[in-house]
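In: pasting the sequence and the predicted model now:
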Amino acid sequence: MVDEHERMTAWVHGRVQGVGFRYWTKTQALELGLLGYAANQPDGRVRVVVEGTRKACDTLLERLWSGNGPGRVDLVVELFGPARGGLPYFEER
């Protein structure tokens, strides 16, 4: 059975801008084989959009919550849905 790909969008709240959080997220996503991006938002959050297996998305979500990345994560709000494609690599925006 092939594990179908999903899209996860996660809004990460806390002190996550200007501390290397997007780069750290990129390294975690690439390690898990995920495609997508991490983008600073005007309100101080970082939006992470990835596509890959549900297991890989769940693992990234756990890592976002872990506190092992740079800065300080206070809250992560995630949304799962079907993969849409259009994400050829992982980038920091």
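Out: That came through fine. Numbers count the residues shown, from 1 in each chain.
In: residues contacting the closest residue in space to L64 that isn't next to it in sequence?
Out: Nearest non-adjacent residue to L64, counting by CB to CB, 6 or more residues apart in numbering: V76, 5.1 Å away. Just so you know, the C-beta spots here come from the backbone N, C-alpha and C atoms, and that holds for glycine as well. V76 sits next to A10, W11, V12, H13, L61, L64, W65 when contact means CB atoms under 8 Å, 6 or more residues apart in numbering.
In: got TSV for the residues you listed, with secondary structure and distance to E4 too?
Out: Shown next, in TSV, are those (DSSP: H, G, I helix; E, B strand; the rest coil; distance: CB to CB, whole Å):
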residue	secondary structure	distance to E4
A10	strand	19
W11	strand	24
V12	strand	25
H13	strand	29
L61	helix	17
L64	helix	22
W65	helix	24
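In: closest one to P88 out of those, please.
Out: Distances from P88 to the contacts of V76, taken as CB to CB, are shortest for A10 (20.0 Å).
In: in the chain, which spans are strands?
Out: For the chain, the strands defined by DSSP state E cover 5-15, 35-40, 46-53, 72-82, 90-92.
In: sweet, I'm off.
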